[in-house]
Every structure is written in C-alpha cells, then in structure tokens.
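K.L.:
Model the structure of this input:
(chains A and B)
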Amino acid sequence: MSSTSSSQMGQLVADKHVRYILMAEKKKESLESVVMDHLRMNGAYWGLTTLDLLDKLGTVSEDEVVSWIMTCQHESGGFAGNTGHDPHILYTLSAVQILALFDKINILDVGKVSSYVAGLQNEDGSFSGDMWGEIDTRFSYIAICCLSLLKCLDKINVEKAVEYIVSCKNLDGGFGCTPGAESHAGQIFCCVGALAITGSLHHVDKDLLGWWLCERQTKTGGLNGRPEKLPDVCYSWWVLSSLIMIDRVHWIDKAKLAKFILDCQDLDNGGISDRPEDAVDIFHTYFGVAGLSLLEYPGVKAIDPAYALPVDVINRIIFTKNDC
Amino acid sequence: MHGRKRNAALKPEEEAASASEALELRSLQSQFMSNHHQKIYTKEAIQLSAKLLEINPEAYTAWNYRKLAVEYNLDSADPSLVNSILHKELEVVENALKRNLKSYGAWYHRKWVLSKGHCSSLDKELQLLNKYQKLDDDIKKNLVLRNFHLWNYRRFVVELTKTSEQDELQHTTDMINDNFSNYSAWHNRSVLLSSLIAKKADGFTPKETIRREFDYVHNAIFTEEDDQSGWFYYLWLIDQTVKMETSLRASSWPSDGSTIILSGPGCFNGSYSSSKFTTYCSESGSFPLILYFDQAVSGVSSSTVTIDSELKSNEDLVWEPVPEKNSQVSCVWVARLKFDSTEPVKVKVSLGKSREIVSSTGCNLSTPYEFVFTVHIYDTVGESQEGTVSWTDGFDYLDAQSSKDLNSLMALNQLKADTGFEWRKQAIKIEIEQFRKLPDSKFGKLILAKLLMAEETTISDDDAVKGVHYKEILQLYNDLMALDSWHDQYYKDEYSVALLHKVTSSTEFLSRHLFRYRNMNNIVCLRLNNLTLSRIASVEKLLFVQMLDLSHNKLHSAEGLEALQLLCCLNLSNNRIKSFSALHSLRHLKQLRVLDVSHNHIGGKNLVDTTRYLCSLSFPNSGEIGREVPSKYRDAYLVLRDLMKLKQLDIRGNDLISGEEFSSFVSQVVPTLVWLDGHKLAS
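P.N.:
This is a model prediction of the structure:
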C-alpha cells in the first residue's frame, strides 16, 4: 500500500502542536492542569515523546525536567505522578521512559527502581499497581516494559507473568484487565506489548485477534476500542500498535485512518482531540502523532510499537551492554 | 478528556470563574497533602479528603490516604463502629462514581473495603449493580451497559457471594433480551458457558448448549444485522462446534506407509529413477523426523515419542521445537534419526500413549498416533552438483494424480468418526442452510464463508465431496473484497488460505502444481507461483516438499514456512517482502541450499517493522552480534548466519541490498555460498 500522501488529505501542523505542548507545560495553574495535577508524570511523557517524534525535544530544558522527575521519587524507589503524591507503577514507567528520551537512565539507582517494580509481582504472576494491591494487566505491561528498559527483566518471574497475561485471553482473541474481563483495545495493547517484549507472541491467536482489531475501524476512518463504540484518536495507537506487533496492520485502511487523525487537529491553536471538533489535550495529541508515526507519515520519527518510545531511543538502549 | 466540544476562547467572566475554581481546588489539595504527609486522621481531615474526592475522584493519593485512615481508625475502634467506618467509605465511593462512573480509584476502593470482610452489605452490592443496569435514562443506560468497571465489579461480587454461574447466565439473558447490542453481556455469556461446559454441569453438554445458543443468537443477528455483538458471538459458536474440545490432530514426515530413500551427496546428479516424492538427500546418513500438530504443544521428547526400529544409536533422541527454542512450545517438532544400516529398515513411531504431549489449552491426542515407514540407502556416485538452479526452465509436468506415495503423504491423521462428531457436522449443516436464506450483507457472506470452510474440515480426505465448497468460498471472498473494500487485505488473506486449502485438499488438485526439475535429478517441485497468494497456509499437508516456487505472489512474510523442514530450494522472488526480519522463519530451514528473494522491497526507507516482535531473536544480547555487523544489515545477518548449507542466493532488485558492500558482507556471513545474483563468487 502506498504511504500516506500529505497533499491528499490535509497536513500535520507539527509546529502548532509543538507550540501547544510547550504552552500547556507552562500553564500549571489552569483548572485543567490542577485537576490533572496527580498525573503530571504521564502528561510529561506524552508531551515530551511527541516533541521527540517531531524532532523538537531540544526545545525543553532537560535539566529542569530531570530534576523535577527526581523530586517525584519516593523512598521506596517508585515514582509519583507529581511531587508529594504517592508512588505508583504507572508513574514509575513514565519517569523511566522520559529519562530514556534524554538518555539519562544512568542517573537512577537502577537497583532501587527495579526492586520497587519487581516487588509488585504477585504469586500468580500478576502485578499490583502499588502497595494497595489493585491488579490489572496494564500493570503487567508496565512492569515488563519498565524492567526491560532498565535491563532488569530477570528480577521478575517472567514465565509466571506471561502465564497470568495468557489467563486474561478471551474467546474473541482479545485481552481484558483481569481473567474473564471483556476485551478492550487498551488492555489488548498492554498484553500484546508485554508478550512482544518477552518474546511470547506465540500465545496470541494472530488471525482471530487481528480480525477483531481490524473491525475497530468505523465509517469515519477512525478506530474505536470495542464493538459498537465511538472512534477515538487514542485507539489509533492502541489498536494500531497491536496490529503492527502481530503483523496484521494491512487489514485496516491506513490512509483513511491517517485522514481521521489529521481531521482531529485544531489547525488554529494546535493540539489533537479525540474526535473532530472536540477539545484538544496532550493525551490525544501524543496518540495522534504516535499513530501517524506508525502509519509512516512523513516528518514524524519512527516509534516502537511495544515500548511506545522512538525507535532510535530503543535501539540505543537495547543494543548497549549495561546489565542490571 | 473525552467527548468535550472544542470551544471558542472563554469569556472574561468564565475565565475568572475557572481561575477561582482552580485556586480553590489547589488550596484543597495542599491542605490534603499536608494532612497526608503528617499522617493526620481526624474526622475533619478525613472529611476534607472526601470533599476532594467528590470534586476529583482521580486524585489517587486521596484514596490511599483514606485506606490508611480506615486502617488507623479500625485499629483503635470499638467493634460496633467498624460497620459505620466501612459504610462511610462506600458512601464516598458512590459520590465519586456519580462524578465519574469510570474511576479506577473509586471502584478499587470499594473492592478494598468489601475485602475487609464487611459482609453485611455484600447482598446489597448485587442489588446496587442491578439498579445501575436498569436506569431508564437512555444516555446513562448506554454509559452503564458497556461499563467494564461495572461488569468487573459484578464478577468480583459474584465470586464473593458465591452466586451461581447459572444465575449469572440468566442475568446476561435479561440484559441481552433488553438490548441485543450488548457486547459486554455476550462476552460474559461466553465466559460463563465455557465454564459450565468445562465443568460438565447439568444441561450444559456441548451438544445441547451449542444448539440452544445458535437458536438464541439467531434472534440477534437476523433482526439487527448491523450490530456486531451477535456476530462475534456467533463466530465463537462456530469455533466451539468444529473444535473437538480436547483433541489434537497430527501429521508427520515420513508419513505412514511410506518408503524413504536416503541418497548421498551425489543425489542431485544422475538420473536414476525411483519415486521422487520420497527421496531425501542426506550427506550425513541422517534424516529428519517431523511432527506437526494443529495446536502448539509442549512435552515432545524421547520419553513421549517412542521409536521402534533396528536402527542403533538413536536412544535419547533430541526433539526440538521449531521455531521457539526458548519456550518449548510449538506446532512443529523435529528430531534427526541416524541411519546406519545397509539393509532397508522399518521404523515405527508412536506417540500419545502418555498424556504429556499437551497444548496450552489442555488438548492432547485422544488416541495414540502411530506411523510406520521404511528407510533405505541408495548409494550415489560423486559430489553434489555445482551448477545453479534455474526457476524458469528445466521443469517437466509430473503426473502424480494417482500416485500412491502422494496419497499417503497428504493424509492428515483423520478424526475418527465417533459419536461426538455427527452432531457437529449436523449443526454446521443447519447453519449453512439458514445463512443461504439471508440477503447479501458483509457479515452474512463472511459467516457463510467461514461455515463452508468449517464444513470442509469435517469432510474426510477420502470422501468424494471433499473440496466441493471451495469454489463458492473463493467467490464469497471476492464479493467481500468489493463489498467491504476497507478490509480487502483481510479478505485477500482469507482467500489465500482457502485457495491453499483447496490445492491441498486432494491429490487431484495438488498434482496440477507438481513438476520434476530435470537438473536436480528430477526432484519434485511444488509450483505455487502467480496465484495472488498474500499468505501461506496448509503447511501440514506439504511437509514432504523439498523444492518450492512461491514467486510472483503478494507475500509480505515467510511466516508458516518454518514447518517445511525438508525445503532445500525456495523461490520467493517478486513478492512484497519489505525486510529480512519478514524472512525470519527461514532461519529454521537448515537444509536450504538455494534461495531467491530477488525483486522484493527489502530495505526501503522509514519502514515500520511489522515482524520484529514475531521473531524471538529481535533483541539479542549484544554479545550475540559482533560489533562489526552494520546495524542496517542486522536483520539480514540474523537470518543468513543460520543457513549453513546455502550455496545459491539471489537478492537482485531490492533497495537495501545492492552493490559491493552487501555482497562482501554476505560472503562473510555465509561461507558456503558459491553463487550470488547469478555470478560465481571468487573462492
């Protein structure tokens, strides 16, 4: 299939998105920002990865970001969503991912962080999000992705972790958050990503899941996350990256999806929304750009579908020798 | 973050209101943080956290704080106060859920509270859930019907209260009857039924259950054609009908009743005639024993597979899974048998007596699988030949239609027609009749195609009607390509699968593609070129193939070819292969001597690699690849270095790999290579 041609379907207003992200970063006291205060670490990951994909990571102050990240680290080794909040595996991954972007993982006490993450594995192979014990396959993915970036995967029982993920496989080929839970594209991304990183994709029925995933494409060209739901730009990432990891991405119409994502841009103020004409936010801006990267849109760096980080960052990490 | 309209800039009054709201929330958060860090759990402090969570249920630290507060207060509390402490938490959760019915923090807090053993409110929990799911307001209802937090929480409560699966099944029936478009309810139904069938519960035999469910789902799919929920459930039912739940199917090479002739290295010279299907060229006097299972299995070893023959030195045979060495789970298993006799030898292989060969879903062989074959040596003169293999001339049609050898090679271990089987065939037949009556629609055609494919798998190979459906199946997929063009690549892949099933369904069809290649002692070549194939299938029927032409198709990956362990000559030229990682399956074809991947798209720029993670070597320890391998050739290195017998390689017409640099790289990595791109390499 020919690669997407920007002249046919509207353009990616990359500069506007860069400006949108940089401005949002500064608006710490807006209502929207205060409400999302607790997940600033995630927001930083979304914003900074988008900047890197558009080759503009240099526009932020690396030192400022890195020193703020370190203020979010808890004595347990885990990271919080923002200074003063409690640690959680969600924000620990984002912290490690951001440091990976800046090639600054070496400032961490890797042993401490990896022990925090590894300590969250339960006997059945599942992972809790934090000391309070919520279990979800999202956390399995996070643990595996994080420890893989830190080169410490052998600190957990990988076989049991895979076993637990496989126990969440459903009869439609998809995965849910816990055994018996309904298939959902976000959970599918997490499970497929975790299986990919651990070399365990043979557990996935690629044809069955691939078909379920390709049927997420709606008449708008966009993808939804489950049958009979509305399309949303964030699924351009979760569905698309899953399809790529199992080599079934040719089953959707890529050009139509790219057009949908581009239609979700705010061409005046920058930023991307969940659906055309909706309010933009950093979350959807990131997923829109990441989706376009997977669709090989020109001017966007390649992103790794399993680690959700630029390919050059992953290659740099995976092909160096520093073991845990 | 979702579903909010993009507004014009706020008016000054709105700006001011928003700013003051922000300040209030900021102040609330600060106070809360201070209480949290100082571990203050007074009534006022706790109330403050409730206020925060009511406004912002996503402030996860506040939920943690409340758990700490509960534990602190429970410690010192009067037993009579325990209930009210926990009850208060449930109230806070309900308020938070009013704000956001999808709040992970709120739902988990509720679970955490109930797990504390606050039993008295458990019965009320199910009632509460039922109340949510019966809301009259349409918008609220839609929000709730598919809310997976609600369904997950329901499963949690069901387990705590030990509600029966039959009761829960009735609940899904109520939900579906109320509104067919409820994928969540159908999903739950499939989980409950699977469990009831597996437990052999009363009234839930596969036969009764599947019949009931087909009738039930017909209501949904025949009345609301556009709604997907019923269709996915229906496909699951077809799958359940066709699969013998606990049984594996197997095939092997050598096959039962065959005679294998081992020839020395000169086997590709000369022109002695013998059955070409069963001659195997072996330089070392050993030959592979290949087992293929229709599901990935573990447990294949010298203790579960017994070999009974006069061949010596074959104790403790090592069985290796192809391709996943690390995981010990695979559809394809190979061992090498040494042949050291001058006389023909009969070999009997049996497996399945123990239940140790098992798939990850718990299936094993229902009856022991046995096959017997004869091996003998045919001494040939001379060294192996030096000339190149041409794919365009030197081929003669091989009339193999009535070949006994071919027949035995293609026989898959057939399912015995036991009592469990007839009702399955009948059920599929009934469904096919129903679907033929439906008007043309995407799902109608797709389901019919899948039903016809399913029926084909129930027809045994020697039945005269075998293969009768394929023409219709192929037509249906053509129709679908036009009807649903966005998914045309999916239908093209399905078409390819059906086409290969057809080609391998009988010796009549297969023999149309079999040729003899004169220049290699009339070795049998399977020619599947120019068939618009976009993927490979039916490999279990082709384990005997040594020379394969797949050129001029639309393949983008070599996935599936790893099963063809006897392959020595392979042509993949003029396909759509975009990278060496797409060829990673070829690493496992240790017998490969001749490989043609010319005129593909290997090495284009900015490619998204869709096969990187399917190859278990995608992230080798850096010790495995020397630093002298340029990163752009890494994928090529990983494939080529394992091909220790490769003599002829053709890579012309690909972006990455033209020119001197790659040529010299290849000759280093593949020392056995004699011919590259049609030229003899300087030795």
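K.L.:
rest of the way, CA atoms for contacts and neighbours
P.N.:
OK.
K.L.:
The stretch 1-150 of chain A: helices as residue ranges?
P.N.:
A:6-9, A:14-26, A:31-35, A:40-53, A:62-71, A:89-101, A:110-118, A:137-149 (DSSP state H, counting those that start in this stretch).
K.L.:
Against chain A, how distant is residue B:340?
P.N.:
The gap separating residue B:340 from chain A is 37 Å, by CA to the nearest CA, to the nearest Å.
K.L.:
So that residue: helix, strand or coil?
P.N.:
coil (DSSP: H, G, I helix; E, B strand; the rest coil).
K.L.:
What of residue B:400?
P.N.:
What three-state DSSP gives for residue B:400 is coil.
K.L.:
these two touch, right, it and residue B:506?
P.N.:
No. Look at residue B:400 against residue B:506 with CA atoms under 8 Å: they stay out of range, at 11.3 Å.
K.L.:
So which residues on the stretch 451-600 of chain B come close to chain A?
P.N.:
B:486, B:487, B:488, B:489, B:490 (CA under 8 Å from any CA of the partner chain).
K.L.:
Out of the residues you listed, which sit inside helices?
P.N.:
Among these, the members found in helices (DSSP state H) are B:488, B:489, B:490.
K.L.:
For those, pick the one with the most neighbours.
P.N.:
residue B:490 (24 neighbours; other CA atoms under 10 Å in any protein chain shown).
K.L.:
In contact with it, which residues?
P.N.:
Residue B:490 sits next to A:211, A:250, A:251, A:252 when contact means CA atoms under 8 Å, 6 or more residues apart in numbering or on different chains.
K.L.:
now swap in residue B:55 and tell me
P.N.:
For residue B:55, the contact set (CA under 8 Å, 6+ apart) comprises B:96, B:99.
K.L.:
Write out the residues of the stretch 1-150 of chain B neighbouring chain A.
P.N.:
B:1-7, B:18-19, B:21-23, B:25-26, B:33, B:56, B:58-61, B:64, B:108, B:148.
K.L.:
before we move on, the earlier item: any chance of CSV for the helices of the stretch 1-150 of chain A, columns mean pLDDT?
P.N.:
Shown next, in CSV, are those (pLDDT from 0 to 100):
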stretch, mean pLDDT
helix A:6-9, 49
helix A:14-26, 93
helix A:31-35, 86
helix A:40-53, 97
helix A:62-71, 97
helix A:89-101, 98
helix A:110-118, 97
helix A:137-149, 97
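K.L.:
Same list, those helices, but as TSV with mean neighbour count and distance to chain B please.
P.N.:
Below are these laid out as TSV (neighbours: other CA atoms under 10 Å in any protein chain shown; distance: least, CA to the nearest CA, whole Å):
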stretch	mean neighbour count	distance to chain B
helix A:6-9	11	16
helix A:14-26	18	14
helix A:31-35	19	4
helix A:40-53	24	12
helix A:62-71	14	15
helix A:89-101	24	11
helix A:110-118	20	18
helix A:137-149	26	11
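K.L.:
Could you dump these into a markdown table with distance to residue B:193 added?
P.N.:
Below are the helices of the stretch 1-150 of chain A laid out as a markdown table (distance: least, CA to CA, whole Å):
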| stretch | distance to residue B:193 |
| --- | --- |
| helix A:6-9 | 47 |
| helix A:14-26 | 49 |
| helix A:31-35 | 43 |
| helix A:40-53 | 40 |
| helix A:62-71 | 48 |
| helix A:89-101 | 35 |
| helix A:110-118 | 36 |
| helix A:137-149 | 24 |
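K.L.:
Would you mind measuring from residue B:613 to chain A?
P.N.:
Separation of residue B:613 from chain A (CA to the nearest CA): 5 Å.
K.L.:
Thought residue A:112 was touching residue A:150, still the case?
P.N.:
No. Residue A:150 is beyond contact range of residue A:112, at 10.9 Å (criterion: CA under 8 Å).
K.L.:
what's the burial count for residue 176?
P.N.:
Because you didn't say which chain, this covers chain A. For residue A:176, using other CA under 10 Å, the count is 26.
K.L.:
Chain B was what I was after
P.N.:
By the criterion of other CA under 10 Å, residue B:176 has 20 neighbours.
K.L.:
so what's the backbone phi/psi at it?
P.N.:
Main-chain torsions, residue B:176, degrees, to the nearest 10: phi -70, psi -40.
K.L.:
what does residue A:27 give?
P.N.:
Here residue A:27 shows phi and psi, under degrees, to the nearest 10, equal to phi -80, psi 60.
K.L.:
Distance of the residue nearest to it when sequence neighbours are not counted relative to residue A:147?
P.N.:
Setting aside the residues directly before and after it, residue A:27 is nearest to residue A:33 in space (CA to CA, 6 or more residues apart in numbering or on different chains), at 7.0 Å. Using CA to CA, to the nearest Å, residue A:33 is found at 30 Å from residue A:147.
K.L.:
could the residues of the stretch 451-600 of chain B next to chain A be laid out in JSON lines, adding pLDDT and distance to residue B:331?
P.N.:
Shown next, in JSON lines, are those (pLDDT from 0 to 100; distance: CA to CA, whole Å):
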{"residue": "B:486", "pLDDT": "94", "distance to residue B:331": "32"}
{"residue": "B:487", "pLDDT": "95", "distance to residue B:331": "29"}
{"residue": "B:488", "pLDDT": "95", "distance to residue B:331": "29"}
{"residue": "B:489", "pLDDT": "96", "distance to residue B:331": "26"}
{"residue": "B:490", "pLDDT": "97", "distance to residue B:331": "24"}
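K.L.:
which residues of the stretch 551-683 of chain B fall in strands?
P.N.:
Counting by DSSP state E, counting those that start in this stretch, the stretch 551-683 of chain B has strands at residues B:569-571, B:594-596, B:648-650, B:675-676, B:679-680.
K.L.:
Can I get the ones you listed in JSON lines including mean pLDDT, distance to residue A:274 and mean neighbour count?
P.N.:
JSON lines is the format used below for the strands of the stretch 551-683 of chain B (pLDDT from 0 to 100; distance: least, CA to CA, whole Å; neighbours: other CA atoms under 10 Å in any protein chain shown):
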{"stretch": "strand B:569-571", "mean pLDDT": "96", "distance to residue A:274": "46", "mean neighbour count": "23"}
{"stretch": "strand B:594-596", "mean pLDDT": "96", "distance to residue A:274": "46", "mean neighbour count": "22"}
{"stretch": "strand B:648-650", "mean pLDDT": "94", "distance to residue A:274": "48", "mean neighbour count": "22"}
{"stretch": "strand B:675-676", "mean pLDDT": "92", "distance to residue A:274": "52", "mean neighbour count": "20"}
{"stretch": "strand B:679-680", "mean pLDDT": "88", "distance to residue A:274": "56", "mean neighbour count": "12"}
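K.L.:
can you redo those strands as TSV with distance to residue B:612?
P.N.:
Converted to TSV, those look like this (distance: least, CA to CA, whole Å):
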stretch	distance to residue B:612
strand B:569-571	22
strand B:594-596	21
strand B:648-650	23
strand B:675-676	26
strand B:679-680	31
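K.L.:
Number of residues surrounding residue 190?
P.N.:
Just going to use chain A. Residue A:190 has 27 neighbours, counted by other CA under 10 Å.
K.L.:
nope, chain B
P.N.:
Counted with other CA under 10 Å, residue B:190 comes out at 22.
K.L.:
Tell me which helix or strand residue 296 sits in.
P.N.:
If you meant another chain, say so; for now it's chain A. Here residue A:296 is covered by no helix or strand, with elements defined by DSSP states H and E.
K.L.:
Wait, chain B was what I had in mind.
P.N.:
If you go by DSSP H and E, residue B:296 is part of strand B:286-298.
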